[in-house]
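Following is a predicted model, sequence given first.
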Amino acid sequence: TASIMWGSLAKKAVPQLQRSVKLVTQSIQTSGKSFASQEIIVQDRGLQSKWKKITAGVLFGASAVYLIYQHENLGALADDQATRKKPRLVILGTGWGAATLVKDMDLTNYEVSIVSPRNYFLFTPLLPSTTVGTIEYRSIVENIRGYLRRHGSNAAQYYEASCSSIDHVNKRIHCKDESEVKAAITEFDLEYDILVIAVGAFNNTFGTPGVRENTFFLKDIKDSIAIRKKIMDCFETANLPHVTPEEKRKMLHFVVVGGGPTGVEFAGELKDFIKEDLIYHFPLLCRYAEITLVQSADHILNTYAAAISAYAEKNFQKEEINLVTNARVTDVRDGELTLTLKKTKQEQIMPFGCCIWSTGIAPNTVVKQFCESLPSIQTNKKGVLTDRYMRALGAEGVYAIGDCATVEQKALKEKFTDLFAQADTDGDGSLSEAEFEALVQKVTPEYPQLKEYAYKIGKLFAEADIDKDRKLSLDEFKALLEHADKKMTDLPATAQVASQQGKYLAKCLNDAALGKLPEPFEYKHKGSLAYVGGNTAVAEIGNQILGGFATWYLWRSVYLSQQHSIRCKLSIAFDWTKTIIFGRDTSRF
């Protein structure tokens, strides 16, 4: 700044400097003539004074020229920085993937815009606890602007709107304001250089009639508020003097469809609410209260280890929570549903006062639109198909993370002849153990399903060597690859996966700004936790299977430590303490 200021002053002083230099030159010429004419007398004082003036003029002139040069170059640099724009990064969503991305990346390297109809991050693993008041709603949410404030006031822009379409050819998205307060113009476009799709997913109804009209989902805070209100409404209405016992049983029958972590945890929390709090407010009604969980598979928590499922089912039996497995809901009406038992094909009518639907996820509307714009490439029906760097296939500059993304996994059997030829270095038409090991080490980054083979090459090689000749023929090699492909599964739609993908993409974008090349994404499973009611939880950590009160304490400790702010940590700890001392609030608003 000082150089630019002095340069501007020097520019104004150039004409005066030129006149001064001209006068000094004339003075030198005059002095020369004087020296020639005067042969004897030289006044030392006058000569020294003239040389001082000459030296000062030359130095001042050189300084002025240098400052002018610096000013020109600094001005050009400033103009260049002003005209050179940062890459425009647009992030869709404020869920686990998007929030972790914003939290971990260096926003100063990009011109960042965040678009989402929800202006907060929600800690979804504790959402079932809010339906009965174990934890208050605002204790598990963090405003997205809080993340931006930590990076600086101008780090990014947030727009509360929904993205309705993505134009990947022109790199533009179309957005719409869907809030209650609207301006004259409710739609707008944003251009991007990099787009991150992290919009999550919708609830999957599997086309079952009446689900959206007659059941509750449990994906967001508004769902939790509606469920909490419904629970209390059922009890307050059943408490009226004219209500018959049959009506009371129906009103106080709570049905949960879906035996995954969300459904299981909600059933456990509701049972705690009834036996720990509502029993004191409605002592004559709680005997009518009943909870039934309907699961289409053989067991609940079927994505966990078998021991976890067995423990959860045993605890449900102890807590008197009904389980109906191998059953599929075919129709939902006001106050009742129809389910079909898979084994006997028999249909049953099940009345209810409140039904919670938690059966999986389906693609978001904007995800469907994006995939339909690339029909020959985006062929996955679950979400955006990406490579192992989370880049959406077929669309330059587009990334997808979280529940809306599916990482493409290449099948080994499709390339088994090429892989065999690549491994057969001695050309004898068979693979030795050393050749097989070398191939596994070489291609594992491209085919992650081979990763487990790298740790037990000898054992797996011996199992694949059917004729025991210590060589793998082409057929034996093919069978081994087919076995590896069978273990290839999509990543689960969990907060843990989305969080790791957000953290990975943040590192990729930070490295890209520094010119570094990224490594492919690798999911590292850290374990699974679930609350099953009665101050009991189950956990699967590595090869360890845990369950009981101590695991419940671990469950709470882990989730408390994973909060994104001190405010949330203190709020949740206070809510838990308040619930233990005073119980849950039973007011209905």
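Cool, the structure landed.

next SSE after the helix or strand where residue 129 lies?
Residue 129 belongs to helix 127-130 when assigned by DSSP states H and E. The first helix or strand that comes after helix 127-130 along the chain, using DSSP H and E, is strand 141-143.

If you count neighbours, what's buried in the following helix or strand past that following strand?
Note on strand 141-143: by DSSP H and E, the next helix or strand toward the C-terminus is helix 144-151. Across helix 144-151, burial judged by 16 or more other C-beta atoms under 10 Å covers 144, 147-148, 151. Every residue, glycine included, has its C-beta placed from N, CA and C.

can you pull the contacts of the residue nearest the centre of the chain?
What sits nearest the mean C-alpha location of the chain, by C-alpha atoms, centre = their mean, is residue 97, with 0.6 Å. Residue 97 is in contact with 198, 401-402, 498-499, 501-502, 505, counting by C-beta atoms under 8 Å, 6 or more residues apart in numbering.

Now it: closest residue in space, sequence neighbours ignored.
Leaving out its chain neighbours, the residue that sits closest to residue 97 by C-beta to C-beta, 6 or more residues apart in numbering is residue 402, at 3.5 Å.

right, and the one you found touches residue 494 too?
No. Counting by C-beta atoms under 8 Å, residue 402 does not reach residue 494; the two are 9.7 Å apart.

Mind checking which of the two has more residues around it?
Higher neighbour count among residue 402 and residue 494: residue 402, with 29 against 19, using other C-beta atoms under 10 Å.

Roughly how far does that one sit from residue 499?
As defined by C-beta to C-beta, to the nearest Å, residue 402 lies at a distance of 9 Å from residue 499.

in stretch 118-138, what's buried?
For stretch 118-138, burial by neighbour count (16+ other C-beta under 10 Å) applies to 118, 120-137.

can I get the CA coordinates of that stretch in PDB?
The C-alpha trace of stretch 118-138 is given here as PDB (Å, rounded to 0.1, in the frame of the first residue of the first chain):
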ATOM      1  CA  ARG A 118     -33.100 -26.500   5.600                       C
ATOM      2  CA  ASN A 119     -30.800 -24.000   7.200                       C
ATOM      3  CA  TYR A 120     -29.400 -26.300   9.800                       C
ATOM      4  CA  PHE A 121     -27.500 -29.600  10.200                       C
ATOM      5  CA  LEU A 122     -29.400 -32.300  12.100                       C
ATOM      6  CA  PHE A 123     -27.700 -35.000  14.200                       C
ATOM      7  CA  THR A 124     -30.000 -37.800  12.900                       C
ATOM      8  CA  PRO A 125     -28.800 -40.700  15.200                       C
ATOM      9  CA  LEU A 126     -30.500 -38.900  18.100                       C
ATOM     10  CA  LEU A 127     -33.700 -37.900  16.300                       C
ATOM     11  CA  PRO A 128     -35.800 -40.800  17.800                       C
ATOM     12  CA  SER A 129     -35.000 -39.400  21.200                       C
ATOM     13  CA  THR A 130     -36.700 -36.100  20.400                       C
ATOM     14  CA  THR A 131     -40.000 -37.800  19.500                       C
ATOM     15  CA  VAL A 132     -40.700 -38.400  23.200                       C
ATOM     16  CA  GLY A 133     -38.800 -35.600  24.800                       C
ATOM     17  CA  THR A 134     -35.700 -37.400  26.000                       C
ATOM     18  CA  ILE A 135     -33.800 -34.700  24.100                       C
ATOM     19  CA  GLU A 136     -35.200 -31.400  22.900                       C
ATOM     20  CA  TYR A 137     -35.200 -30.600  19.200                       C
ATOM     21  CA  ARG A 138     -32.800 -27.600  19.200                       C
END
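
Can we start the residue count at 170 from this point?
Will do, 170 is the new start, and the previous item becomes stretch 287-307.

so how far is that stretch off the chain centroid?
Stretch 287-307 has its C-alpha centroid displaced from the chain centroid by 17 Å (C-alpha atoms, centre = their mean, to the nearest Å).

got it, and stretch 569-580?
On C-alpha atoms, centre = their mean, the centre of stretch 569-580 falls 13 Å from that of its chain.

what is the mean pLDDT for that stretch?
What stretch 569-580 shows for mean pLDDT is 89.

which residues are in contact with the helix holding residue 298?
Residues outside helix 296-299 that contact it (C-beta under 8 Å, 6+ apart): 304-306, 309, 387-390, 393, 397, 431, 434-435, 437-438, 700.

repeat that for 10 Å
Applying C-beta atoms under 10 Å, 6 or more residues apart in numbering, the contact partners of helix 296-299 are 291-292, 303-310, 387-390, 392-394, 396-397, 430-439, 441, 525, 527, 700, 725, 728, 741, 744-745, 748, 753.

List buried residues within those residues.
291-292, 303-306, 308-310, 387-388, 390, 392-393, 396-397, 430-439, 441, 525, 527, 700, 725, 728, 741, 744-745, 748, 753.

Among the residues you listed, which ones are in strands?
Counting by DSSP state E, the buried ones among the contacts of helix 296-299 place 291, 310, 525, 700 in strands.

Check the residues you listed and tell me the two furthest apart.
Spanning the widest gap among these are 310 and 525, at 20.6 Å by C-beta to C-beta.

Show me the strands in the stretch 370-519 of the chain, by range?
Remark: strands assigned in the stretch 370-519 of the chain by DSSP state E, counting those that start in this stretch are 371-372, 422-426, 459-463, 491-493, 496-502, 505-510, 516-520.
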